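Peer 1: sequence and predicted structure below; questions after.
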Protein chains: 2
Amino acid sequence: MVDVAKRAAVSVKTVSRVVNGEEGVRPDTKARVDEAIRQLGFRRNDSASDLRRGRAEGIGLIVENMSDPFYSVIGAAVERVARLQRHLLLMGSAEGSAERERDLTGAFLSRRVAGLIVVPAIEDHHWLAAELAAGTPVVFVDRPASGLSADAVLTDNDAGVRSAVEHLAARGHRNIGFLGDNPEFWTAGQRLAAFGSATAALGLRSDLTAMGPHEVEGIAALVETWTRDSDPVTALVTGNNRLSVTALRALRRVGKRLALVGFDDFELADMVEPAVTVVAQDPAAMGEQAAHLLFRRLAGEGGPARTVVLPTRLVVRDSSHLV
Amino acid sequence: MVDVAKRAAVSVKTVSRVVNGEEGVRPDTKARVDEAIRQLGFRRNDSASDLRRGRAEGIGLIVENMSDPFYSVIGAAVERVARLQRHLLLMGSAEGSAERERDLTGAFLSRRVAGLIVVPAIEDHHWLAAELAAGTPVVFVDRPASGLSADAVLTDNDAGVRSAVEHLAARGHRNIGFLGDNPEFWTAGQRLAAFGSATAALGLRSDLTAMGPHEVEGIAALVETWTRDSDPVTALVTGNNRLSVTALRALRRVGKRLALVGFDDFELADMVEPAVTVVAQDPAAMGEQAAHLLFRRLAGEGGPARTVVLPTRLVVRDSSHLV
């Protein structure tokens, strides 16, 4: 290290800082140290103690629940882009808790991530404003930040739900039930509102809604109630992939064959019986776009916060042919 | 900080180290500093700049591919245990690359994780020995470490594959094909070997094996070949959940109804047509056990490396009733 310091005309402490990836070293100084190390033929010894000082750059991703394939596909897509940019991806899940989201954010920032991609939990994010101002880019996915102006990648929830309702109405369904998630979640609220306006625009009933959490038993009971009427519900729209799967199980349990259109595609939607018609989002594209926005900010791109809204696609399968 | 240092009878530098979560502070000194902070009524201000200095402890998890539900369920289970222990979970995927696994390991260690849980890629881990010796516990999941003595949580692959073969043989199948993953992966090699010994023990053909990677087209072609014979293959055993889904699609494509038993359960195995008989592993239990082993080591438990082997469970559904 003394030799490197001499050649780079810096102190040994500065060399140590560069080697350990510490902050507070000017880029040109860092470049001079790196060049001196290279010229002296210093080779990084891949012992674990050197790995511990590893300087690999990383970005952080906070999702709601990593065991939900919607989020894990976003994660895999972000990771692909990060790898091309020679960054590692560190991921954590906040489980819908604002407190855990803050803890994770702090844990990532204190562990020197270059930037963050966040699927936000339900509360506001004004506390991140200082971090953004200090130059750590943050991109939100699936739901926008509240209390903060930041880049975001969203799905066109309104058009997606409308396409589901119009598809069912075109097949003659007049009473459509909507099974959504807790409306405190931004997407759940958006989709509920979209269901209301789409049904109203077509002169259909808008009041057949039930917002979760939902279990098989609860949906089964609801279906029994909704179909007992003299003017029964004949079709369901579900607000996300978890609810589609749960609704499928509930319909099988009560032995009713209501038409079903689910929001979100899921892996075996085409292989289950009946194959499920879905409003497909593109979580891989969402992850990619979010990562691209982040790396553009990291590369120094300025300008106001941007919102990218991705379209949905109606994938018609057997479940919407039922009456 | 001066007041805290005085009250705790330590230097300001030591207080700074404790507050910033740096290493090299003796536990009793740290306790004294924490107590002094508490007595002086110092409250952590949750501004982003304080979050950046966040002291939340974390453990790292390296899996093969976070978008595979097998790994995301392990991850969710590890996270549940970590949360009870007031640790955050940081996760990354190595995509089967030993180099990425090393990079991630270094990234986690340099970011002060307390311990690591690793689903190892194909190469050896002797380079982690120094880290283990230095007191960072590492637990391996799904596959053992090579070149290193470390705690591991595994599935009983041998008994699992044997139960699949015996189940099919009991239903009269004599020619069973085995579709496995790249045998350089430890689990794939284990399951192939188990298929060989189980078929041999029953006097069945052991040579009907094809090791992947596998796509729908490849499996479809293989099924055509295997069923063209005068003494055709009538049943398949698949080596993991990805292969079960791909085989299901391939069988549907070629219009053949071979019996099928898959290794690994998967979410909609009971809802697809035909519902798939599986040898169920318990990835949630694997993640939990691994986390428990890790936190016991973090709590100071010594002793030689332990290996926990979890049993499998045959879940009989429609796909193995076919001949």
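Peer 2: Nice, I can see it.
Peer 1: is residue A:61 in contact with residue A:115, as I believe?
Peer 2: No - using Cβ atoms under 8 Å, residue A:61 is not in contact with residue A:115; the gap is 10.0 Å. Backbone N, C-alpha and C define where each C-beta goes, glycine included.
Peer 1: which residues do those two both contact?
Peer 2: The contact sets of residue A:61 and residue A:115 do not overlap (Cβ atoms under 8 Å, 6 or more residues apart in numbering or on different chains).
Peer 1: what is the rounded mean pLDDT of stretch A:164-180?
Peer 2: Across stretch A:164-180, pLDDT averages out at 97.
Peer 1: so which strand or helix has residue A:153?
Peer 2: Assessed by DSSP states H and E, residue A:153 sits inside strand A:151-155.
Peer 1: helix or strand next in line after that strand, which one?
Peer 2: For strand A:151-155, the following helix or strand on the C-terminal side (DSSP H and E) is helix A:157-170.
Peer 1: so how far is the helix or strand that that next one is followed by from its chain's centroid?
Peer 2: Once helix A:157-170 ends, the next helix or strand along the chain (criterion: DSSP H and E) is strand A:176-180. When distances are taken as Cα atoms, centre = their mean, to the nearest Å, strand A:176-180 is centred 23 Å away from the chain's centroid.
Peer 1: partners of strand A:176-180 in the sheet?
Peer 2: In the sheet, strand A:176-180 lines up against strand A:209-211 (parallel), strand A:235-238 (parallel) (DSSP bridges).
Peer 1: now the angle between helix A:157-170 and that strand, please.
Peer 2: Angle, strand A:176-180 to helix A:157-170, by axes from the mean of the first three to the mean of the last three Cα atoms, to 10 degrees: 150 degrees.
Peer 1: for the record, mean pLDDT for the following helix or strand past strand A:176-180?
Peer 2: Where DSSP H and E defines the elements, the next helix or strand beyond strand A:176-180 is helix A:186-201. For helix A:186-201, the mean per-residue pLDDT is 97.
Peer 1: buried residues, helix A:186-201. List them.
Peer 2: Judged by neighbour count using 16 or more other Cβ atoms under 10 Å in any protein chain shown, the buried positions of helix A:186-201 are A:186-192, A:194-196, A:198-199.
Peer 1: tell me what that helix is packed against?
Peer 2: Here helix A:186-201 touches helix A:157-170, strand A:176-180, strand A:209-211, going by 3 or more Cβ pairs under 8 Å, 6 or more residues apart in numbering or on different chains; DSSP states H and E.
Peer 1: kindly recompute the last result at 6 Å.
Peer 2: If you count contacts as 3 or more Cβ pairs under 6 Å, 6 or more residues apart in numbering or on different chains; DSSP states H and E, helix A:186-201 packs onto helix A:157-170, strand A:176-180.
Peer 1: and residue A:317, which of these is closest to it?
Peer 2: Comparing the helices and strands packed on helix A:186-201 against residue A:317 with Cβ to Cβ, the closest turns out to be helix A:157-170 (11.3 Å).
Peer 1: rewinding a little: ok, the buried residues of helix A:186-201 vs chain B, which is closest?
Peer 2: Nearest to chain B, judged by Cβ to the nearest Cβ, of the buried residues of helix A:186-201 is residue A:187 at 20.1 Å.
Peer 1: distance between the ends of stretch A:267-281?
Peer 2: One end of stretch A:267-281 to the other measures 13 Å (Cα to Cα, to the nearest Å).
Peer 1: quick check: residues of the stretch 51-200 of chain A near chain B?
Peer 2: Contact residues, the stretch 51-200 of chain A versus chain B (Cβ under 6 Å from any Cβ of the partner chain): A:51-54, A:56, A:58, A:66-67, A:72-73, A:75-76, A:88-92, A:103-104, A:106-107, A:109-111, A:128, A:130-131.
Peer 1: tell me the mean pLDDT for stretch A:270-290?
Peer 2: For stretch A:270-290, mean pLDDT rounds to 96.
Peer 1: pull out the buried positions in that stretch.
Peer 2: Using 16+ other Cβ under 10 Å as the burial criterion, the residues of stretch A:270-290 that qualify are A:270-272, A:274-283, A:285-290.
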